[in-house]
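Peer 1: Sequence plus the predicted model coming up.
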There are 2 protein chains.
Amino acid sequence: MDNPVLVNVTRGPLVESRHLGALAIVDASGKTVCAIGDVSARVFPRSAIKPLQALPLVESGAADALDYDDAELALACASHNGEAVHANAARVMLIKAGLAEEDLECGPQWPLRMEDAAELIKADETPCQLHNNCSGKHAAFLGLAKVLGAPTKGYTLPEHPVQQEIKSVMEQLTGDTLTSGVCGTDGCSIPTYAGPLPGFARAFAVFGTGEGLDPERASAAERLYEACVNEPYMVAGTDRFCTTVMDAFRGRVLVKTGAEGVFCASIPELGYGVALKCDDGSTRAAQVMMATVLEMMLDLNDAEAKMLDSVVNPVVKTRLGVAVGEIRPHAELLAALKSSLS
Amino acid sequence: MDNPVLVNVTRGPLVESRHLGALAIVDASGKTVCAIGDVSARVFPRSAIKPLQALPLVESGAADALDYDDAELALACASHNGEAVHANAARVMLIKAGLAEEDLECGPQWPLRMEDAAELIKADETPCQLHNNCSGKHAAFLGLAKVLGAPTKGYTLPEHPVQQEIKSVMEQLTGDTLTSGVCGTDGCSIPTYAGPLPGFARAFAVFGTGEGLDPERASAAERLYEACVNEPYMVAGTDRFCTTVMDAFRGRVLVKTGAEGVFCASIPELGYGVALKCDDGSTRAAQVMMATVLEMMLDLNDAEAKMLDSVVNPVVKTRLGVAVGEIRPHAELLAALKSSLS
């Protein structure tokens, strides 16, 4: 089954580019509220599931043993810009575990914004692993390894206790069985297990509501949810979709981006989780899909509506800043979401 | 009609992302050699037609009057990296016309490579319009305006004589009529007219062979073709697909990228032009499509085959450089190209 066009990019009077995708909205019992496209296909969730991957850190007691605060827990769930604040916070997380930058296995990465790259260049520095957008997650993995008494070296390998813990959590929350046959390697060297979108959507519904979880896991999920929505700058950074959306929604939703056009969300007040994938891997389209879901599913106050307006229909501009097109949800996406509401 | 998947991106054992597209290979008479997908749909050619947009500069005598050399003509056809060599050459082109950076209307842009951005940052500079990837084309437009005795201000507007000249050339070469109803504005502020892929493919067949052109236009096309294939570094730059391919093919092909997943090529020895568009606007996929066309259509020597191998199947790597996937042509693309050869 082919997926439908969910997002169009226009230029002047015409559609210039189009993005196909699939999307699932599911409640914590596993009931599908909305399914668009082939939701049985397996999708690599990449960084979109970082909040779920942080559960073992909290429920094991490691987060408390290491004295991680809310900002650090948010960074453990982050795909951050590599701004100085992010890199420094990751360094502190490592210090709290008696470790250092050299223990990371995620590889170095330039900060995403030119302003932050320029700071390094002016100081005659090159980026280190702390600037990797996943450094908070990796620092948390290392902290968990320490508290578990597991070796820190090799913490990114599928057979390492940290990755085994995460796999077990993901299997419970998604209801899926994760084998080596669906395992790829993420850009930061950890395993990523592909699964159907409804499984990830259900996992985010469970994460946001705690339904069906034992008290320790439910409490860990609640703590991570609160950390992310209270510290949205640590989850992404300046001018980033996840930060902008969580900032405006003040606790109503958690959204998390992943590479190659994946996006997940928890909407606790509805009891729903959302998981979507843009077929071609485009973030610009995945963001418009997620913004459209939030706009259609939630009653919005003025501040929320105004913020969503700018991310549902981002403007395409010339290098002189003149608007010459837009990125916008396709009618099929709007119709499918509308019918799931009735 | 939906376009087929032409390129897959894999991660570990699975396909992670897929790219749809359309493609036309046409000869100078307009005969279609190969058509994949909906080739009747209008596509914005963006920067892929820069070599054609430079024809009025040469055939008007302006290139000679301004004493532009081959490197400068190649820069007039370029989407360059904004390296120091590119910015300086654009500055010289403007000086030759008695103009300066302030006369450009393309807007400033950071150099594409971090190394080149770092040079500016270390010198405490910000990028100017000379670093815009289109600065050579814009310098050439300004030079043409000067020689035509037209105003230089407003040279980017559809009604300006320079843009009217280009529109007329494009109509002849594509056989299409270009109206305001198919006109959008490019990222560098000039008009871009959408047309069907076979028209652009035919235009590149005509450009590469001179067939059907009056002697002045044929000679201008030959001079621009030679300039691009002899100075491929000026057409793009370090580590760029267009430069790598033209460097290895030593005059056998001209390839030119455009924003939003467009690619065009001239293959004079076959008498063919190629035009393709990746539906979602991805350059990574458009490059694999173009590389696959060249690999399938041409008899290759060892150097050409080795170069193409690396661009037909680019490796997806972790931030530590470990190969974890690849970008590769879909079987449907290979089959369609194969059947067009038989």
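Peer 2: Now that the structure is in, tell me what you want to look at.
Peer 1: show me where the stretch 151-300 of chain A has strands.
Peer 2: A:183-185, A:191-193, A:195-196, A:254-258, A:262-267, A:272-278 (DSSP state E, counting those that start in this stretch).
Peer 1: Give the other helices and strands that the fourth one contacts.
Peer 2: Packed against strand A:254-258 by the contact rule (3 or more C-beta pairs under 8 Å, 6 or more residues apart in numbering or on different chains; DSSP states H and E) you find helix A:50-53, helix A:197-209, helix A:215-230, helix A:241-249, strand A:262-267, helix A:283-297. C-beta: built from backbone N, CA, C; applies to glycine.
Peer 1: partners of that strand in the sheet?
Peer 2: Partner strands and pairing direction for strand A:254-258 (DSSP bridges) are strand A:262-267 (antiparallel).
Peer 1: hmm, back to that, mean pLDDT added to the helices and strands packed on strand A:254-258, as a markdown table?
Peer 2: Below are these laid out as a markdown table (pLDDT from 0 to 100):
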| stretch | mean pLDDT |
| --- | --- |
| helix A:50-53 | 98 |
| helix A:197-209 | 98 |
| helix A:215-230 | 98 |
| helix A:241-249 | 98 |
| strand A:262-267 | 98 |
| helix A:283-297 | 97 |
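Peer 1: and the ones you listed as TSV, adding mean neighbour count?
Peer 2: Formatted as TSV, those follow (neighbours: other C-beta atoms under 10 Å in any protein chain shown):
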stretch	mean neighbour count
helix A:50-53	26
helix A:197-209	28
helix A:215-230	20
helix A:241-249	21
strand A:262-267	27
helix A:283-297	24
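Peer 1: Dump these to TSV, plus distance to residue A:156.
Peer 2: Conversion of the helices and strands packed on strand A:254-258 to TSV gives the following (distance: least, C-beta to C-beta, whole Å):
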stretch	distance to residue A:156
helix A:50-53	12
helix A:197-209	21
helix A:215-230	21
helix A:241-249	23
strand A:262-267	20
helix A:283-297	24
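Peer 1: follow-up on the earlier one: ok, and which of the strands of the stretch 151-300 of chain A has the densest surroundings?
Peer 2: strand A:272-278 (a mean of 29; mean count of other C-beta atoms under 10 Å in any protein chain shown).
Peer 1: Using CSV, list the CA coordinates for it.
Peer 2: What follows is strand A:272-278, C-alpha atoms only, in CSV (Å, rounded to 0.1, in the frame of the first residue of the first chain):
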residue,chain,number,x,y,z
TYR,A,272,-3.4,9.7,23.0
GLY,A,273,0.0,9.0,21.6
VAL,A,274,1.0,10.0,18.1
ALA,A,275,3.7,8.6,15.8
LEU,A,276,4.3,9.6,12.2
LYS,A,277,6.9,9.2,9.5
CYS,A,278,7.5,11.2,6.4
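Peer 1: who does that strand touch, helix- and strand-wise?
Peer 2: strand A:14-27, helix A:197-209, strand A:262-267, helix A:283-297.
Peer 1: Take those and write them to TSV, including distance to residue B:71.
Peer 2: Converted to TSV, those look like this (distance: least, C-beta to C-beta, whole Å):
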stretch	distance to residue B:71
strand A:14-27	32
helix A:197-209	51
strand A:262-267	44
helix A:283-297	35
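Peer 1: which bits of the stretch 151-300 of chain A sit near chain B?
Peer 2: A:181-189, A:192, A:194, A:260-261, A:279-282, A:285 (C-beta under 8 Å from any C-beta of the partner chain).
Peer 1: Let's see that with 6 Å instead.
Peer 2: A:181, A:183-185, A:187, A:189, A:194, A:260, A:279-282 (C-beta under 6 Å from any C-beta of the partner chain).
Peer 1: Sort out which of the residues you listed are buried, if you could.
Peer 2: A:183-185, A:187, A:189, A:194, A:260, A:279-282 (16 or more other C-beta atoms under 10 Å in any protein chain shown).
Peer 1: so where is chain A shaky, pLDDT-wise?
Peer 2: A:1 (pLDDT under 70).
Peer 1: let's go with 80 and repeat that
Peer 2: A:1, A:342 (pLDDT under 80).
Peer 1: and residue A:146, that one's in a helix?
Peer 2: Yes: counting by DSSP: H, G, I helix; E, B strand; the rest coil, residue A:146 is found in a helix.
Peer 1: That one touches residue A:97, doesn't it?
Peer 2: Yes: the criterion here is C-beta atoms under 6 Å, and residue A:146 meets it with residue A:97 at 4.8 Å.
Peer 1: Between the buried ones among the residues of the stretch 151-300 of chain A next to chain B, which sits nearest residue A:216?
Peer 2: Nearest to residue A:216 out of these is residue A:183 (C-beta to C-beta; 27.0 Å).
Peer 1: Not counting residues beside it along the chain, what's closest to residue A:229?
Peer 2: Nearest non-adjacent residue to residue A:229, counting by C-beta to C-beta, 6 or more residues apart in numbering or on different chains: residue A:251, 4.6 Å away.
Peer 1: Report how many residues lie close to that neighbour.
Peer 2: For residue A:251, the neighbour count with other C-beta atoms under 10 Å in any protein chain shown is 13.
Peer 1: And residue A:57, by the same measure?
Peer 2: Residues near residue A:57, counting by other C-beta under 10 Å: 28.
Peer 1: My guess is residue A:53 contacts residue A:168. True?
Peer 2: No: with contacts counted by C-beta under 6 Å, residue A:53 stays clear of residue A:168, the gap being 11.5 Å.
Peer 1: can you pull out the helices in the stretch 51-200 of chain A?
Peer 2: Taking DSSP state H, counting those that start in this stretch as the test, the helices found in the stretch 51-200 of chain A are A:55-59, A:62-65, A:70-76, A:84-96, A:114-122, A:135-148, A:161-174, A:197-209.
Peer 1: residues of the second one that come out buried?
Peer 2: Counting neighbours by 16+ other C-beta under 10 Å, one finds that the buried residues in helix A:62-65 are A:62-63.
Peer 1: And that helix, what does it pack against?
Peer 2: helix A:135-148 (3 or more C-beta pairs under 6 Å, 6 or more residues apart in numbering or on different chains; DSSP states H and E).
Peer 1: near chain B at all, the helix it packs on?
Peer 2: No: shown here: helix A:135-148 not in contact with chain B (C-beta under 6 Å from any C-beta), separated by at least 10.8 Å.
Peer 1: Tell me which residues are up against the helix or strand encompassing residue A:303.
Peer 2: In the assignment (DSSP states H and E), residue A:303 maps to helix A:302-312. Residues outside helix A:302-312 that contact it (C-beta atoms under 6 Å, 6 or more residues apart in numbering or on different chains) are A:248, A:291-292, A:295.
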